[in-house]
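A.B. asks: A predicted structure for the sequence below; I have some questions about it.
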Amino acid sequence: MNATIPLASLALVTLFAPALSAPPMVVTPVALHAQLDHVMVAIRSLPDGIAEFEQLSGVKAGVGGKHPGRGTENALVSLGNGAYIEIIAPQGNVPLADEYEGMRSLQHLSIFTWAVSVSDVDAAVASLKSAGFAVNPPQPGARVTPSGARLEWSTFTLADKSIRIAPFFIHWKEGTQHPSTTAPGGCSMSAMKLQDPAVGRLSAALKALGVPGVTFVEGPPKIDAIVKCGPKTVTLTGP
């Protein structure tokens, strides 16, 4: 028996056939990786900082370079796994940016701030915004190492200034050799404790990015970083 299909039905099948047969479009989100990048430890002079860290740890930091326009210079110790310690101090006889003036009075190493690296700035900003955090526009940065290599990066911060010990976020430009791969080694991060009156907000921001390896405590602003250097344990604290 031959069945007759009405012309109107054939027209509908023809009209919707591409939509019915085409696979759904899948938008793949950018895989975001975020982790501790570095702990910035400040002191009044770089030679003092290098000497103090070596006395505490047995590891001598390698001179990193100078920061144009900021009046600071640094020395670095690798922590392995894409992280490092940055000893930072004012340059001699060079104007110092206002935000770093407090370094001049630091007689011993003190944590000044810390950084979280992100693999993709746009994805990180989107994740933070989805969690309810506004961010400041990314800013470019660069310095030249003693060997002549140019390091380039961009950084951004949370707009919420009530989180006193919030990190800044850094993305290293493609082709830039990460400082943890060239700085002297021998140390690793054992533990990092973050204490802040707004610790709930801080925790939410870092969890939005999936930052591992930190613990949170409510209280006056304070960062404790426990670093293992062979048989020695160094506790860095601040601000």
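C.D. replies: Right, received. Where do you want to start?
A.B. asks: need the contact list for H178.
C.D. replies: 82, 172 (Cβ atoms under 8 Å, 6 or more residues apart in numbering). Backbone N, C-alpha and C define where each C-beta goes, glycine included.
A.B. asks: Number the residues from 6 up from this point.
C.D. replies: From this message on, residue numbering opens at 6, which makes the last subject H183.
A.B. asks: give me phi/psi at it?
C.D. replies: Per-residue torsions, H183: phi -60, psi 140 (degrees, to the nearest 10).
A.B. asks: What's the separation between it and S193?
C.D. replies: In this view, H183 and S193 are 16 Å apart by Cβ to Cβ, to the nearest Å.
A.B. asks: Equivalent analysis for M45, please.
C.D. replies: 18 Å.
A.B. asks: and what of M108?
C.D. replies: Counting by Cβ to Cβ, the gap from M108 to S193 is 26 Å.
A.B. asks: Looking at those two, which one has more neighbours?
C.D. replies: M108 (20 against 14; other Cβ atoms under 10 Å).
A.B. asks: what sits against that one?
C.D. replies: Per Cβ under 8 Å, 6+ apart, neighbours of M108: 47-49, 77, 93-95, 101, 117.
A.B. asks: likewise I116?
C.D. replies: 44-47, 228, 230, 241-244.
A.B. asks: ok, back up a step: pick the one among the contacts of M108 closest to A188.
C.D. replies: Using Cβ to Cβ, I93 is the member of the contacts of M108 that sits closest to A188, with 13.4 Å.
A.B. asks: Kindly state the beta-bridge partners for the closest one.
C.D. replies: A47, N79 (DSSP bridges).
A.B. asks: and if you look at G85?
C.D. replies: Under the criterion used (DSSP bridges), G85 bridges to A88.
A.B. asks: For burial, what's the neighbour tally of it?
C.D. replies: So G85, with other Cβ under 10 Å, has 13 neighbours.
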